[in-house]
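Engineer: A predicted structure for the sequence below; I have some questions about it.
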Amino acid sequence: MTTTERDRDPETPSRTRTPAGYYRLLRAVVSRDLLVWARYPVDAVTGLVLGVFFFGLMFYGGRAVAGQALTDSIEGLIVGYFLWTLALGAYQGVNRDIQSEASWGTLERHYMTPFGFGPVVFAKGVAVVARTFLTSFVVLAAMLVMTGTTLDLNLVTVVVVGTLAVASAMGLGLAMGGLSVLYKRIGNVASLLQFALIGFISAPALDVPLAGALPLAQGSAMLQRAMNDGVRLWEFEPTALTVLVGTAVGYLAVGYGVFVLATRRARRLGVLGDY
């Protein structure tokens, strides 16, 4: 079969869209993301330094003002900041990647792949989350050294709970990315949502009714218990795990749905490639 005949073969996309095909797509996208990140070491190192720097401002500045009060709650501050770096990386990474593709004029190329636009962007989001975990663990190690604090870091529990927690932030990023394709400039709204992430993470501490339904809130509460009290994944109440999985899947599904609907409308209006 020639290249032209293979390109016209209607069964070629269906053969590609198999579990093995999606796995190769995900592996390629994750490898590309890590490779691009590593090839710009100045930008990569600067991001890590800024993450540690802002925590240092909070820690030393807060200790000068609050004194012992901050010292008594330092473990909660470290866990909250760790989750915030994860959530911010997932949210910003997906949103910025879509906006960059639109500004570069390469957004339309994803529609030419056998997988379609949505799965490719979703794979990019997974790649961003994987990279963010690596960088956030580096920042976490620096915070522990800076403060002289020890936490219970069961890798399985932290990774599983953290991944499910930031899935809701990834859903928000997908939704904002889709809206940015349709409406182009929504930077102010996207920036406001970044600050809202802090409120979502701190919601459990405020003892707000039904706070677990908010993005990141249930994951924040469980991550605090896991890293401060040493609670393992299998030791959490079934209700808590159900809420965590439900919010992760729910916000991710809604965010992906908004992304698909927004990009479809952009195609119908003929503004997909405009910027």
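Structural biologist: Sure thing, it's come through.
Engineer: Now the helix or strand hosting Phe200: buried residues?
Structural biologist: Using DSSP states H and E, the element containing Phe200 is helix 187-202. For helix 187-202, burial by neighbour count (16 or more other Cβ atoms under 10 Å) applies to Ala190, Leu193, Gln194, Leu197, Phe200, Ile201, Ser202. Using the backbone N, CA and C atoms, a C-beta is placed for each residue, glycine as well.
Engineer: residue contacts, the residue with the shortest distance to the centre of the chain?
Structural biologist: With distances taken as Cα atoms, centre = their mean, the chain has Ala90 as the residue nearest its mean C-alpha position (1.9 Å). By Cβ atoms under 8 Å, 6 or more residues apart in numbering, Ala90 lies in contact with Gly125, Val128, Val129, Thr132, Val166, Ala167, Ala169, Met170, Gly173.
Engineer: Now with 7 Å, please.
Structural biologist: Val128, Val129, Thr132, Val166, Ala169, Met170, Gly173 (Cβ atoms under 7 Å, 6 or more residues apart in numbering).
Engineer: Which stretches in the stretch 51-200 of the chain count as helices?
Structural biologist: 68-72, 74-104, 117-147, 155-183, 187-202 (DSSP state H, counting those that start in this stretch).
Engineer: Do you know the pLDDT at Ala211?
Structural biologist: Looking at Ala211, its pLDDT reads 76.
Engineer: That one against Ile201, yeah?
Structural biologist: No: Ala211 is beyond contact range of Ile201, at 10.7 Å (criterion: Cβ atoms under 7 Å).
Engineer: before we move on, the earlier item: which two in the buried residues of helix 187-202 are spaced the farthest apart?
Structural biologist: Maximum pairwise distance in these, criterion Cβ to Cβ, is 20.3 Å, between Ala190 and Ser202.
Engineer: what about Gly230, how many residues close to it?
Structural biologist: By other Cβ atoms under 10 Å, 13 other residues sit near Gly230.
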